[in-house]
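Asker: My questions concern the predicted model and sequence given below.
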Amino acid sequence: MKTLYFECKMGAAGDMLMAALYEICDQKELFLQTMNQAFSEYGIQISAEESKKCGISGTHMHVMINGEEEGVHVHEHVHTHTHDHTEAEHVHTNEHEAAEHHHDESSHAHTHHSYQSVLAQIEHLQLPAQVKADAAAIYRLIGEAESAVHNTTLEQIHFHEVGTLDALADVCGCALLMYLITPEKVFASPLHVGSGFVKCAHGILPVPAPATAELLKGIPFYTGSIKGELLTPTGAAILRHYVEGFEEMPVMTLEHIGCGMGQKDFETANCVRTFLGDVQANGYDDKILSISCNLDDMTGEDISFAAETLLNAGALDVYTIPIQMKKGRPGIILTCLCALSEKENFTNLFFQHTTTRGIRYAVYERVKLVSTFETKETPYGKIRIKKSSGYHVDHEKPEFEDLKAIAFKQGCSLKDVRNLLD
Ligand SMILES: O=C([S-])c1cc(C(=O)S)c[n+]([C@@H]2O[C@H](COP(=O)(O)O)[C@@H](O)[C@H]2O)c1
Ligand code: NI
């Protein structure tokens, strides 16, 4: 089965995803021609250039607007641009601001885009209907996240950076490339979001930015030690729209590898990698590492902190088992499951956050069913249905986090929410 895997160990922004997809697309000329024709009326010119980071060669996508690169905002990983607006907060909810408007400031001219105006721009583009539908769905995700963050409605929100023309080009570019590549299955790694703060039109925001955090609901992500915004709202929305599962890379026979570069340089190569290949339809087998230690001198609070730290660092699972240790001491086994490649990282975390002086490793062979998601509409919102198949079985199950969110919001039982699906 033709499978696409996004490796987001350095997060993702729209331009990085577009570049990573461009590298694995075998219709590069057609892509550039279609995009440049569709966006010519906006003075946008898209080109692909070789970029090297840490000695690795990849592609950086240049989005030039009237001859200037990515005018209003930069899709790099530490956004240092500020807009010195006099308004304290920049989600505009006034009636008179329902259409686009501009601020002419001494330093720059800055446009705000309503959700409806972005949808109208997408509809007007000369792109295949499926591409426009995907781009609109991605902007709906961003719009819903924005309206949740600012406690307003889709009709009233105004986008700042995410509504600019270069962001629109990134979203449409990714949608067109996905259309040309046509993978049957799409997976991604858990997402590295970065840490610290980011400056943007709203002011200084914590990382992940609030809109990004909304978009991450139900998706495994981690912060890590790199300071800066690694995952942007646009990157998160594109991945949320296309990706069926955020997990370890399945066992696949590779055909193409892509490397999409960000603009900023870090000690670690700042890129999204794409892997396109064949995954056996029956499920897939791989190996995982189990790391354990016995503990008899940590408090419940400290053990819980250690477990949470391991999960935040990207562990596949963390659990404790009560045991009876020597000298009559009650204790626990703390176990973390992770990818083999993460052995050193998790070993360091075990020694840093527990009192243990030794840890044990076990490598397990694992088989997994192939999972896909479908979304069902209910009167109280969407519920994702996880479908798992392979090894002569087919299961389906509503996502518990979706059921829980609706049950809490409506003040009803989980059974009531499950009944909505009948
Ligand atoms: O444009 C808007 S409305 C916007 C909202 C938010 C919130 O978290 S709320 C954050 N940002 C920041 O702007 C850039 C956008 O980068 P893209 O690559 O997604 O276009 C980023 O730094 C966001 O954190 C914008
Ligand atoms: Ni503004």
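Answerer: Yep, it's here. Residues are numbered from 1 along each chain as shown. Ligands and ions are numbered 1, 2, ... in the order given.
Asker: and the gap between the most centrally placed residue in the chain and ligand 1?
Answerer: Nearest to the centroid of the C-alpha atoms of the chain, with distances taken as Cα atoms, centre = their mean, sits Ala236, at 3.5 Å. Relative to ligand 1, Ala236 is positioned 8 Å away (Cβ to the nearest ligand atom, to the nearest Å). C-betas here are computed from N, CA, C, even on glycine.
Asker: now Ala307
Answerer: Taking Cβ to the nearest ligand atom, one finds Ala307 at 29 Å from ligand 1.
Asker: now do Lys132
Answerer: 19 Å.
Asker: for the biggest helix by length in the chain, packing partners?
Answerer: In the chain, taking DSSP state H as the definition, the longest helix is helix 129-149. Judged by 3 or more Cβ pairs under 8 Å, 6 or more residues apart in numbering; DSSP states H and E, helix 129-149 is in contact with helix 115-124, strand 158-159, helix 165-181, helix 210-215, helix 233-242.
Asker: at 7 Å instead, please
Answerer: helix 115-124, helix 165-181, helix 210-215, helix 233-242 (3 or more Cβ pairs under 7 Å, 6 or more residues apart in numbering; DSSP states H and E).
Asker: Could I get those helices in CSV, plus columns for distance to Ser413 and mean pLDDT?
Answerer: What follows is the helices and strands packed on helix 129-149, written out as CSV (distance: least, Cβ to Cβ, whole Å; pLDDT from 0 to 100):
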stretch, distance to Ser413, mean pLDDT
helix 115-124, 34, 96
helix 165-181, 39, 97
helix 210-215, 26, 98
helix 233-242, 28, 98
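Asker: Go through these and name the closest to Thr355.
Answerer: When those are compared by Cβ to Cβ, helix 210-215 sits nearest Thr355, at 32.7 Å.
Asker: roughly how far is stretch 150-167 from the heart of the chain?
Answerer: The chain centre lies 18 Å from the centre of stretch 150-167; the measure is Cα atoms, centre = their mean, to the nearest Å.
Asker: Just the terminal-to-terminal distance for that stretch.
Answerer: End-to-end distance for stretch 150-167, by Cα to Cα, to the nearest Å: 20 Å.
Asker: quick one: is that stretch near ligand 1?
Answerer: Yes: Stretch 150-167 reaches ligand 1 (Cβ under 6 Å from any ligand atom) through Phe159, His160, Glu161, Val162, Ala167.
Asker: Nearest spatial neighbour of the last one, chain-adjacent residues omitted?
Answerer: What it means is Ala167. Thr234 (5.4 Å; Cβ to Cβ, 6 or more residues apart in numbering).
Asker: Can you tell me the number of residues neighbouring that neighbour?
Answerer: By the measure other Cβ atoms under 10 Å, the count of residues near Thr234 is 30.
Asker: ok, now Ile46?
Answerer: Quick note: Ile46 (other Cβ under 10 Å) scores 23 neighbours.
Asker: Now that we have the helices and strands packed on helix 129-149, can you turn them into CSV and tack on distance to Lys9?
Answerer: What follows is the helices and strands packed on helix 129-149, written out as CSV (distance: least, Cβ to Cβ, whole Å):
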stretch, distance to Lys9
helix 115-124, 30
helix 165-181, 19
helix 210-215, 17
helix 233-242, 13
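Asker: of all those, which lies closest to Val63?
Answerer: Across the helices and strands packed on helix 129-149, closest to Val63 is helix 165-181 (Cβ to Cβ), at 4.3 Å.
Asker: neighbouring contacts of the closest one?
Answerer: 4, 14-15, 17-18, 21-22, 24-25, 27, 31, 34-35, 39, 42, 44, 46, 61, 63, 65, 70-71, 118, 121, 125, 127-128, 130-131, 134-135, 138-139, 161, 234, 238, 242, 276 (Cβ atoms under 7 Å, 6 or more residues apart in numbering).
Asker: quick one: strands adjacent to the helix or strand that it is followed by?
Answerer: Heading C-terminal from helix 165-181, the first helix or strand you meet, by DSSP states H and E, is strand 185-188. Next to strand 185-188 in the sheet, as set by DSSP bridges, lie strand 2-7 (parallel), strand 245-246 (parallel).
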